[in-house]
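Need coordinates for the following:
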Amino acid sequence: MIEVRDLSRRYGALKAVQDVSFDIQRGEIVGLLGHNGAGKTTIMKMLTGFLEPSAGTIRIDGLNIAEQRRAVQRRIGYLPENCPLYPEMTVLDYLDYQAALHGLAPGQRATAIRRAVERTELGAKATATIGTLSRGYRQRVGVAQAILHEPLILILDEPTNGLDPSQIQHMRALVRELSVDATLIISTHVLHEVEAVCGRVLIMRGGRLALDSELHAIGRQPRLLVTLDRAADEVTPALSALTGVAGVTLLDQDGDLRRFALETTDPRATAPAVAQTISQRGWSLYGLEPERQDLEALFGAVTLEQMEAAHV
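Numbers count the residues shown, from 1 in each chain. Predicted structure coming up:
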């Protein structure tokens, strides 16, 4: 559905996106993550045809966006982070205007607008002027315009901005519903929203694709973290011999303290045996805990390198 190969974008000497490649299949919900300036917005603008790549190719539904930009754009629905709305227009008038821009015939617009209003729960505000709406309702109008023409691909930038908890639950349900017939890319800083709806994440770092992972793969190799003041040549053989420990790795050192990672299928079950071995040997134990294996921990680990490099 989406094929990106060696995608790059430069602004003068600044390399905003560098040699990014990925494929996304029909029906996937993919989270696009990264700190500000990592290249997420640039990628979304290139995918939607609003920005030309400096190098590389994008194919959507088999079409090369450089050669068939308008045809590609008809297949895409886009919610930018700050969706341009016209405050003096009513919700229905605005959606009718957007339906015309999407190329819907007059006879198709009423049905498309009604469907979009129902899906985004805008019925109570359909005749209200956009300028009188709360931020949450304005966000829903932005989503409605993105799905009017039943696009094959939806690109949503911060879709839950301004929504209350019940509206967020509805947005999650809508995203899952839309994925039955469409491919979705969601960019957000709210990581638990990605965990709630996405099956896969792309994490950008410094303009490059730092990680492409299925969410279910996160945490496949749980580890037990142990902090000691002993050398690795003492710790590694002692702890590697324990039942359930597949390997021991020295992660880092702070003064005399060293942090080790124990590869194990069940960190909590292994912890008592580790503590007992350390006690029997008379070692001082400074830390013993399962490693966090959620998206937040992964995101922090992947993007930390960028932050450290920026301060070198």
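
Show me the beta-bridge partners of residue 262.
Assessed by DSSP bridges, residue 262 has beta-bridge partners residue 224, residue 248.

Residue 175 versus that one, what's the distance?
Residue 262 is 38 Å from residue 175, where distance means C-beta to C-beta, to the nearest Å. (Each C-beta comes from the backbone N, C-alpha and C, glycine too.)

Of the two, give the one with the bigger neighbour count.
Just comparing residue 262 and residue 175: by other C-beta atoms under 10 Å the higher neighbour count belongs to residue 262, 26 against 22.

Contact partners for the more buried one?
Residue 262 sits next to 223, 224, 225, 226, 239, 245, 247, 248, 270, 274 when contact means C-beta atoms under 8 Å, 6 or more residues apart in numbering.

all helices of the stretch 201-312 of the chain, in order?
232-240, 267-280, 295-310 (DSSP state H, counting those that start in this stretch).

Mind checking those helices for the one nearest to residue 155?
helix 295-310 (20.1 Å; C-beta to C-beta).

how about the strands in this structure?
Using DSSP state E, the strands assigned to the chain run over residues 2-11, 14-24, 29-33, 55-60, 63-64, 76-79, 153-157, 183-187, 200-205, 208-214, 223-228, 245-254, 257-264, 285-290.

So in the chain, where's the weakest helix or strand by average pLDDT?
Every helix and strand in the chain was compared by mean pLDDT, DSSP states H and E; the lowest is helix 295-310, with a mean of 65.

Now mean pLDDT too, for the strands of the chain, in JSON lines please.
Converted to JSON lines, the strands of the chain look like this (pLDDT from 0 to 100):
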{"stretch": "strand 2-11", "mean pLDDT": "97"}
{"stretch": "strand 14-24", "mean pLDDT": "97"}
{"stretch": "strand 29-33", "mean pLDDT": "97"}
{"stretch": "strand 55-60", "mean pLDDT": "97"}
{"stretch": "strand 63-64", "mean pLDDT": "96"}
{"stretch": "strand 76-79", "mean pLDDT": "96"}
{"stretch": "strand 153-157", "mean pLDDT": "96"}
{"stretch": "strand 183-187", "mean pLDDT": "97"}
{"stretch": "strand 200-205", "mean pLDDT": "94"}
{"stretch": "strand 208-214", "mean pLDDT": "92"}
{"stretch": "strand 223-228", "mean pLDDT": "94"}
{"stretch": "strand 245-254", "mean pLDDT": "92"}
{"stretch": "strand 257-264", "mean pLDDT": "93"}
{"stretch": "strand 285-290", "mean pLDDT": "92"}
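
Is it possible to get TSV of these that adds distance to residue 139?
Shown next, in TSV, are those (distance: least, C-beta to C-beta, whole Å):
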stretch	distance to residue 139
strand 2-11	24
strand 14-24	24
strand 29-33	18
strand 55-60	25
strand 63-64	30
strand 76-79	8
strand 153-157	10
strand 183-187	14
strand 200-205	22
strand 208-214	28
strand 223-228	39
strand 245-254	41
strand 257-264	41
strand 285-290	37
